[in-house]
Every structure is written in structure tokens, then in C-alpha cells.
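J.: I would like the atomic coordinates for the input below:
(one chain, ligands or ions: 2)
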Amino acid sequence: MNQFGLQKALSSLPLGDVRYFESIGSTNDEALAWATEGAQDLSLVVADEQTAGRGRSGRKWLTPPGSALAFSLILRPTNAERTHPARTTGLGALALSDSLRTHGLAAQIKWPNDVLIGGKKVAGILVESVWAGDALDASILGMGVNVLAASVPPADQVLFPATSIETELGTPIERPELLGDILAALIGWRSKLGTDEFMRAWEDALAFRGQQVTVTKDQSPSLTGELLGLEPDGSLRIRDKEGQVHQVQFGEIHLRPVV
Ligand code: ATP
Ligand code: BTN
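T.: Ligands and ions are numbered 1, 2, ... in the order given. All right, here's what the predicted structure looks like:
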């Protein structure tokens, strides 16, 4: 990947400015700083390698050079994004799962922030916010995608089985073109973020829907039941064995299928 190939693949998209780095700590950190300095809507930070990539709660996201997609998109919030802040994570996940489906890959969203192929994690999303007092000033939508097989961390370094697009497809794909596809899908879905159509598409792409799952909080299982779907605020609906329906909010939880 290089600046030239990237610009070519993104030229038809209505983006703000684009910053490309051969190597960076975290694209989210760069985007957070840039948003604070006034970056315009849809400005983009892309890196070939991250040396301090982050997942939720400061966990590590590994982005070795030459093999993965790591980017952060700056969103100046629309009214719908202000009203439904949790949907921004769904926006990223839906855009990626749609793009993967055009390659014939049956991608699913492991709520709240991962994308799976064949039950293995191929991507993670980290949305962070910049506040101006009480008002949301910018959302940073960070996404890491394992594109080539070399991007998949060793099994002892992940909490959930991981895979790559190359592994699942049996052939490599070009990272700049994939990024262009993801961003085009994201811009398309963004205009529908406040709609029922958006919620239906997000729900339809959920992994483990209709199956038994366990939600773990603070390292202990807190709820087991059937994954029913999503609430309008993006929280998860789960029915326990007594038939009671619970809503699980975005937060520090882990979702696992019951095996
Ligand atoms: P969980 O996977 O338990 O549901 P999560 O999705 O919230 O939790 P995070 O902590 O946000 O996971 O993501 C970081 C985790 O992802 C790391 O702890 C590691 O297990 C895993 N990981 C790190 N880099 C990669 C990668 N390139 N591909 C797949 N998984 C990775
Ligand atoms: C997760 O699985 O919890 C989220 C991982 C998010 C990783 C991406 S890679 C681009 C951006 N920069 C980061 O430091 N994190 C996100």
C-alpha cells in the first residue's frame, strides 16, 4: 500500500483530507488529535502498520506491516448520529460485512464491535468520541481488518479465534480497493443511520441470532439466553430460559455462543 494507490482507489469518494502513514502508533490517536485541531467531516487516517493499535478497554489490536487494513474515519456528527450514538459502531460493521459479501464471504457482526467470517474474527471496530462540553464534536470510527493471512495474530495472542480475508477467500485481495468499497458502503448507510431499514440490516447481519449466547461482564457470565435482535438504541435483546427479555447495553461485555 502507498499514498498513490490509496488516492487512486479513493478518488471517487466524497472524503475530507486523507493522511497516510507507513507506520504509526494508532490511527485512532492521530484522528482524535486531528479532529481536535478541526479536521473536516470524512477525513481519513490510514496506516500500513500500527505499533500501538488499540481495541476496547486498552486491549491490543495487532497490525503488522504489509498485510492489514487499519484506518480511522472522522465523522462530524449528523443529527441522526447525535440521536443514536451507538449506531456508529453498527455503521462500520455493516459497511464491512456488506463489502465482504460482495466478495462472496458470509460475514456476520459479533455485537457490538467485531466482524466474523465462519465464526472467526476478521475485523474489529473502535468508535471514540471528541466532546465539546456536553456536545459530541466528532466520532472517530476506527477499523482494523485482517486482509492477508500474515495479519492474523498467533492463536495464543487472541481471546477469540481469528482469520483473514485471504484465508477465507483462498486468494489475496487489494487493500486500497477494499478500503474504497468499505467507505462507499459506509457513506451509503450513513445517510440511512436513523432509519428502520438501517436497524433491520444491522440486525440481519448479527452473528448467533436465534442461538443461545452468554454475555460475560467483569470476567463472569452474567446472562445466558437466546439472542433475539437489537433495540433501536443498539442494545442487544436476549431472552433467558424463564422467557424474560433482557436488554444488554453497549459497554465492557463479551459475547460468546453457548457450545
Ligand atoms: P471479545 O473478542 O472478547 O469479544 P472484544 O471484541 O471487545 O472482545 P477487544 O478487546 O476490543 O475485543 O479487541 C482486542 C482483542 O482482539 C485482543 O485482546 C485480541 O484478543 C484480539 N486481537 C488483537 N489483534 C487482532 C487481530 N489482528 N485480529 C483478530 N483479533 C485480534
Ligand atoms: C476491537 O476488536 O475491539 C476493536 C479493534 C479496533 C482496531 C482499529 S485498527 C484502526 C484503529 N486504530 C486503533 O488503534 N484501533 C482501531
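J.: Would you mark the buried spots in stretch 168-180?
T.: 168, 175-176, 178-180 (16 or more other Cβ atoms under 10 Å). (Glycine included, C-beta is placed from N, CA and C.)
J.: Pop out the phi and psi values for residue 190.
T.: phi -60, psi -40 (degrees, to the nearest 10).
J.: For the stretch 1-150 of the chain, which residue gets nearest to ligand 1?
T.: Residue of the stretch 1-150 of the chain nearest ligand 1, by Cβ to the nearest ligand atom: residue 55 (2.6 Å).
J.: who touches the nearest residue to that residue once chain neighbours are set aside in this structure?
T.: Spatial nearest neighbour of residue 55, excluding adjacent residues (Cβ to Cβ, 6 or more residues apart in numbering): residue 61 at 4.6 Å. Neighbouring residues of residue 61 by Cβ atoms under 8 Å, 6 or more residues apart in numbering: 50, 53-55, 70, 124, 126, 144.
J.: again, only this time at 10 Å
T.: 26, 28, 50, 52-55, 68, 70, 123-124, 126, 142-144, 153 (Cβ atoms under 10 Å, 6 or more residues apart in numbering).
J.: confidence score at it?
T.: Per-residue confidence (pLDDT) for residue 61: 98.
J.: for the one 4 residues further on, same thing?
T.: The predicted local confidence for residue 65 comes out at a pLDDT of 98.
J.: Tell me if I'm right that residue 50 and residue 63 touch.
T.: Yes - at 3.8 Å, residue 50 and residue 63 qualify as touching, with contact defined as Cβ atoms under 10 Å.
J.: Touching both of these two, which residues are there?
T.: Residues within reach of residue 50 and of residue 63 at once, by Cβ under 10 Å, 6+ apart, are 23-24, 26-27, 70, 144.
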